[in-house]
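*Asks:* structure for this input, please:
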Amino acid sequence: MSHSELKTLLEHVADTRELVLDAAAPPAGELHAAWHAARREAGAAYEAWCRRGGREAYLVYRAAADRADAAQDMLVAPLVSA
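*Replies:* Down below sits the predicted model:
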């Protein structure tokens, strides 16, 4: 499956607002697990972008990094709002 075919397919998937947790993430709470999984995904996407370069690989990395940032924001929200 090409990148453009995958992108087209994913654009038609409804957002169920569900968390998908990585089984390799440490069991320290759902938010921590979500952040840990997103951070690992962003790291892998960054490495892939560094290896092959290109616009598509960069966009995949940025999307993963944005998810990791959002998860981190949710993780620390109780600490900064106190």
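*Asks:* ok, residue 74 touching residue 32?
*Replies:* No: with contact defined as CB atoms under 8 Å, residue 74 does not count as touching residue 32 (10.1 Å). C-betas here are computed from N, CA, C, even on glycine.
*Asks:* which strands and helices sit next to the helix or strand harbouring residue 42?
*Replies:* Element membership of residue 42, judged by DSSP states H and E, is helix 30-52. In this structure, helix 30-52 makes packing contacts with helix 55-80, judged by 3 or more CB pairs under 8 Å, 6 or more residues apart in numbering; DSSP states H and E.
*Asks:* between the helix it packs on and helix 30-52, how many degrees?
*Replies:* Between helix 55-80 and helix 30-52, the angle comes out at 150 degrees (axes from the mean of the first three to the mean of the last three CA atoms, to 10 degrees).
*Asks:* and helix 55-80, which residues are buried?
*Replies:* Across helix 55-80, burial judged by 16 or more other CB atoms under 10 Å covers 57, 60-61, 64-65, 67-68, 71.
*Asks:* let me know the closest of these to residue 80.
*Replies:* residue 71 (14.8 Å; CB to CB).
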